[in-house]
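coordinates only, no sequence provided:
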Ligand SMILES: Nc1nc2c(ncn2[C@@H]2O[C@H](COP(=O)(O)OP(=O)(O)OP(=O)(O)O)[C@@H](O)[C@H]2O)c(=O)[nH]1
Ligand SMILES: [Mg+2]
């Protein structure tokens, strides 16, 4: 088997919520395709990002953070990740450099061993810019102990771009030989509508606290050419929250907060689509949607 052969395959990033999976996905792809936030449980569906290199093509599958589910939504997200294990060539477990390994991590390792005993597992120590070199070394050993001697462990900082190419090479080396799955230049298979909804949710997550991030869902209702300027698109989006009090927070005094959310989201959407848009946002209450099977279905879970 010559080393010059082209390799291609699928790798999923898994880990507890907030461990840096989506930030890492964006860093490897080189463009923001997955939203991120300082709140746990930001990602709610699997997102494919495509990494093109001369010698390999990697399809990254970013997944929702895994934790003990408290709502029906949480359960659905866990099931989603479990389904992903059987579809990938490599499972990369992400553990931040600045947090102790705990029962949550061990639970994920057990799940992986049970669901995908034959799949190559890789450890990724994320956020290494946050700690000293000694602490990185210590965490590398701890993750190695957690995963066993066969597993490679790679330290990385997605924010600083440190070791990102090393991680690409290590993942590529574990992929089967074969042709590319996606044409050159394609960076994700996320539909534009989903990208828009996610960027709006990210903008709305900024600065909100407590349980509100979990209660927020965004649906694109309509996309059409903008009447006043046919080079532009008119986009209508609905922001769902679970309670009237949350609606008031999202809208803000005299609508100030919602306006800011709209401006921030619009800029991001225009950047990724390369088209100017007129963005219209509305907020609606869908009582306790996270626990309601019917409403979850309507919101696409
Ligand atoms: N300093 C530093 N912060 C990081 C790094 N990677 C991620 N973060 C931060 O960690 C937080 C969580 O990042 P995400 O990428 O959203 O984490 P996630 O694992 O996708 O989270 P879920 O989707 O909720 O499971 C954000 O505030 C990021 O900015 C890193 O390399 N260095
Ligand atoms: Mg994420």
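Cool, the structure landed. Just so it is clear, the model here is predicted, and its values are computed rather than measured. Residues are numbered from 1 along each chain as shown. Ligands and ions are numbered 1, 2, ... in the order given.

check what contacts the helix or strand where residue 123 lies and list those residues.
Assigned by DSSP states H and E, residue 123 belongs to strand 120-126. Residues from elsewhere that reach strand 120-126 (CB atoms under 8 Å, 6 or more residues apart in numbering): 11, 13, 15, 19-21, 23-24, 89-97, 112, 136, 139-140, 143-144, 146-147, 151-158, 167, 170-171, 174. Heads up, the C-betas are built off the backbone N, CA and C, glycines and all.

show me what contacts the closest residue to ligand 1 within the chain?
The minimum distance from the chain to ligand 1, using CB to the nearest ligand atom, falls at residue 65 (2.5 Å). By CB under 8 Å, 6+ apart, the contact list for residue 65 reads 15-19, 21, 40-43.

so which bits of the longest helix along the chain are buried?
Taking DSSP state H as the criterion, the chain has its longest helix at helix 256-273. Using 16 or more other CB atoms under 10 Å as the burial criterion, the residues of helix 256-273 that qualify are 257-258, 261-262, 264-266, 268-270, 272.

tell me what it is packed against?
helix 192-205, helix 244-251, strand 277-285 (3 or more CB pairs under 8 Å, 6 or more residues apart in numbering; DSSP states H and E).

end-to-end on stretch 51-58?
5 Å (CA to CA, to the nearest Å).

do stretch 196-203 and ligand 1 meet at all?
No. Legend: contact between stretch 196-203 and ligand 1 by CB under 6 Å from any ligand atom is lacking; minimum distance shown is 9.3 Å.

contacts for that stretch?
Contact with stretch 196-203 is made by 34-37, 42, 190, 216-220, 223, 235, 237, 239, 261-262, 264-265, 268-269, 272-273, 279, 281, as judged by CB under 8 Å, 6+ apart.

dump the helices and strands packed on helix 256-273 into CSV; add distance to residue 212, mean pLDDT and mean neighbour count as well.
Formatted as CSV, the helices and strands packed on helix 256-273 follow (distance: least, CB to CB, whole Å; pLDDT from 0 to 100; neighbours: other CB atoms under 10 Å):
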stretch, distance to residue 212, mean pLDDT, mean neighbour count
helix 192-205, 8, 96, 21
helix 244-251, 6, 95, 15
strand 277-285, 12, 97, 16
